[in-house]
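Novice: below is the structure, and that's it, no one-letter string:
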């Protein structure tokens with residue numbers, strides 16, 4: 001933050017169609033409070049955020065104002081101005097936010113509806129409607145850049161199909177090269193390669209349902225539909241943690257801690273994995289794959305033991321009761 005002469009500043013490229021609000025300026029000037037620094041574009045000295053604070057400071061008779069500089073392009077400066085004006089101060093009107101979204105659609109056409117919605121305080125659905133009404137003059141692309149800054153194809157089935165073809169043509173090609181050429185994430189390219197190694201389609205169940213007819217694929221199997229209808233892991237874990245037979249035993253609490261680790265939400269995984277150093281990706285992927293194999297064995301052993309207990313004769317009220325019988329089966333590796 002630096003103190004800057006007021007007469008050195010230029011008026012902002014404001015997203016407010018009605019301009020400055022005189023009453024709001026007077027209220028700020030009469031408050032006597034120390035006003036937060038304004039944001040100024042360093043290359044042009046244009047005010048990005050804080051015109052009301054600037055006018056209030058002038059009204060107080062000051063000749064300098066506290067400034068934070070922004071370094072970047074004018075398109076990014078406008079996006080920052082919109083973000084600031086929906087986060088604090090006098091809020092932008094709905095019409096101003098829609099107008100700002102249309103402008104951002106033209107300067108950042110690859111941004112997803114959610115990313116633009118977050119910047120303008122609009123829903124993704126509203127931005128999508130504005131995009132459909134503003135297609136004339138907008139560059140068309142097969143990808144969108146999300147709020148996390150990552151590019152994603154509009155139709156993920158095409159990217160997966162292309163990745164599959166590239167892997168089949170060159171099985172030893174590095175995954176990073178496949179992902180870059182197909183326009184998919186490294187994780188998607190890895191998943192496609194694993195599916196091909198198992199003799200499966202590169203498309204998961206939902207994508208097969210969406211793009212199967214166009215690509216000559218069969219509709220998803222019953223098992224795929226059943227997987228989609230299962231309750232969420234978070235819901236299952238919540239019910240499990242309320243079971244006294246689990247949470248009131250030491251082994252049960254250990255099991256809950258393990259399950260809590262692997263039941264992280266997908267959006268949290270995206271954040272965590274996005275910060276993995278590139279030189280450690282293969283190591284962490286191998287560890288994750290090993291953990292997945294162990295948990296798969298745990299699930300299969302539990303299901304086998306459960307089936308054995310269900311098919312066995314009615315137990316006596318001793319250690320051979322249902323829990324004791326199941327424990328014995330698990331210990332024996334049944």
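Specialist: Alright, I've got the coordinates. For clarity, every value in this text was computed on a predicted model and none was experimentally measured. Numbering: from 1, shown residues only.
Novice: where are the low-confidence patches of the stretch 1-150 of the chain?
Specialist: Counting by pLDDT under 70, the stretch 1-150 of the chain has low-confidence residues at 134-150.
Novice: one more pass at 80, please.
Specialist: In the predicted model of the stretch 1-150 of the chain, residues 87-89, 110, 133-150 satisfy pLDDT under 80.
Novice: which residue ranges form the helices in it?
Specialist: 22-31, 51-59, 74-87, 94-107, 113-120, 124-133 (DSSP state H, counting those that start in this stretch).
Novice: quick one: those helices as JSON lines, columns for distance to residue 300 and mean neighbour count too.
Specialist: To be clear about C-beta, it is placed using only N, CA and C from the backbone, and glycine gets the same treatment. As requested, the helices of the stretch 1-150 of the chain are exported to JSON lines (distance: least, CB to CB, whole Å; neighbours: other CB atoms under 10 Å):
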{"stretch": "helix 22-31", "distance to residue 300": "66", "mean neighbour count": "14"}
{"stretch": "helix 51-59", "distance to residue 300": "64", "mean neighbour count": "20"}
{"stretch": "helix 74-87", "distance to residue 300": "50", "mean neighbour count": "19"}
{"stretch": "helix 94-107", "distance to residue 300": "50", "mean neighbour count": "18"}
{"stretch": "helix 113-120", "distance to residue 300": "38", "mean neighbour count": "22"}
{"stretch": "helix 124-133", "distance to residue 300": "40", "mean neighbour count": "16"}
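Novice: nearest to residue 174, out of these?
Specialist: Of all the helices of the stretch 1-150 of the chain, helix 113-120 sits nearest to residue 174, with 29.2 Å by CB to CB.
Novice: what lies in contact with the closest one?
Specialist: Contact with helix 113-120 is made by 79, 82-83, 86, 97-98, 100-101, 104-105, 108, 122-128, 131, 144-147, as judged by CB atoms under 8 Å, 6 or more residues apart in numbering.
Novice: let's see 7 Å
Specialist: With CB atoms under 7 Å, 6 or more residues apart in numbering as the test, helix 113-120 has contacts from 79, 82-83, 86, 97, 100-101, 104-105, 123-124, 126-128, 131, 145-147.
Novice: output the helices of the stretch 1-150 of the chain in CSV, with distance to residue 259 appended to each entry.
Specialist: Listed next are those as CSV, based on distance: least, CB to CB, whole Å:
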stretch, distance to residue 259
helix 22-31, 52
helix 51-59, 51
helix 74-87, 38
helix 94-107, 42
helix 113-120, 30
helix 124-133, 32
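Novice: tell me which of those lies nearest to residue 162.
Specialist: helix 113-120 (24.1 Å).
Novice: where along the stretch 151-300 of the chain do the strands fall?
Specialist: For the stretch 151-300 of the chain, the strands defined by DSSP state E, counting those that start in this stretch cover 151-153.
Novice: quick one: the helices in it?
Specialist: Under DSSP H, counting those that start in this stretch, the stretch 151-300 of the chain gives helices at 156-169, 175-182, 186-197, 205-215, 222-229, 233-241, 244-247, 250-262, 266-274, 281-311.
Novice: re the thing from before, for residue 292, find the nearest of the helices of the stretch 1-150 of the chain.
Specialist: Of the helices of the stretch 1-150 of the chain, nearest to residue 292 by CB to CB is helix 113-120, at 29.4 Å.
Novice: distance from that closest one to the middle of the chain?
Specialist: 13 Å (CA atoms, centre = their mean, to the nearest Å).
Novice: next, the angle helix 94-107 makes with it.
Specialist: Put simply, helix 113-120 runs at 130 degrees to helix 94-107, going by axes from the mean of the first three to the mean of the last three CA atoms, to 10 degrees.
Novice: now helix 113-120 against helix 124-133, angle please.
Specialist: On the basis of the same axes, to 10 degrees, helix 113-120 is oriented at 110 degrees to helix 124-133.
Novice: tell me what angle helix 113-120 forms with helix 74-87.
Specialist: Going by the same axes, to 10 degrees, helix 113-120 makes 70 degrees with helix 74-87.
Novice: just to revisit the earlier point, which of the helices of the stretch 151-300 of the chain comes out lowest on mean pLDDT?
Specialist: Confidence, taken as mean pLDDT, is least for helix 222-229 of those (a mean of 40).
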